[in-house]
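Enquirer: here you go, sequence then predicted model.
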Amino acid sequence: MFAGDMLFYYDGDSINLKLNMGHVSDFRIIASGATALIGTWLYLLGLGQVYFAFKPTKPWIRNTVALSFAAILTAYGIVHGAYVAIAATAKLAVQHNLDLGMTTELASSANNLLRLFVYPAFAVFSYFFITEVWKKKTLFPRWVLPFFPLVPFLLRSVITGSFSGEAWVVVSGGFLNLILVLFFAVSTITLWNVKSRQGDVI
């Protein structure tokens, strides 16, 4: 999915993300749209390790965490796929010298509406993940919490503000997927050698 972000946004000569989408090739827009489906499938596979880590918790908590995270990961793919409309209208604006903001306004509004549906699921997931990990009811150690997606999400402006130029395009353009890459990397490391029997808690 991060690769899809870069297909939309990356341009070595500009840090205007929406304008960059207007200048990329048709192939990059189509390929980025395809990553929405492929990336979502792979994200949902990654959900398995979170479900495993919550084996020591009560079944209803484990299932709530899994379902809320699945809702978030599915939304990632849908929102990313909807960006194709923003990219296509941005490209039309550039090609026909139209106002970029007005041309992409409808597609951007639809995309923003989709994001609103994610926040309730994110709130539920965050509450149960943070509380259960803090109580040591899961196979995750407490030190995983700073890498939980909510933390970098809340620090987004601070983190992205530390970069400029091409690095800013990479970090800011791919931020929401980079925080999942970070989370799944840390999750994989912490769970790699954990015994699979029920009740083992780090």
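Expert: That came in fine, so what should we check first?

Enquirer: skip ahead from the top helix by length along the chain and say which helix or strand is next.
Expert: Longest helix in the chain by number of residues (criterion: DSSP state H): helix 59-95. Next along the chain after helix 59-95, taking DSSP states H and E as the criterion, comes helix 100-116.

Enquirer: now that following helix: mean pLDDT?
Expert: Averaged across helix 100-116, pLDDT comes to 95.

Enquirer: ok, residues contacting the next helix or strand after that helix?
Expert: Under the assignment DSSP H and E, the closest C-terminal helix or strand after helix 100-116 is helix 118-134. With contacts defined as C-beta atoms under 8 Å, 6 or more residues apart in numbering, helix 118-134 is touched by 54, 57, 61, 64-65, 68-69, 71-72, 75, 79, 138, 140-142, 144-145, 148, 150. For every residue, glycine as well, the C-beta is placed using N, CA and C.

Enquirer: these, buried ones only, as a PyMOL selection?
Expert: Remark: buried members of these, expressed as a PyMOL selection using 16 or more other C-beta atoms under 10 Å:
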select buried, resi 54+57+61+64+65+68+69+71+72+75+79+138+140+144+148+150
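
Enquirer: rounded mean pLDDT for the longest helix of the chain, please.
Expert: 96.

Enquirer: in it, what's buried?
Expert: Quick answer for helix 59-95 (16+ other C-beta under 10 Å): 61-62, 64-66, 68-73, 75-91, 93-94.

Enquirer: repeat that for stretch 145-158.
Expert: Buried-residue list, stretch 145-158, by 16+ other C-beta under 10 Å: F147, F148, P149, L150, P152.

Enquirer: identify the farthest-apart pair in these.
Expert: F147 and L150 (10.1 Å; C-beta to C-beta).
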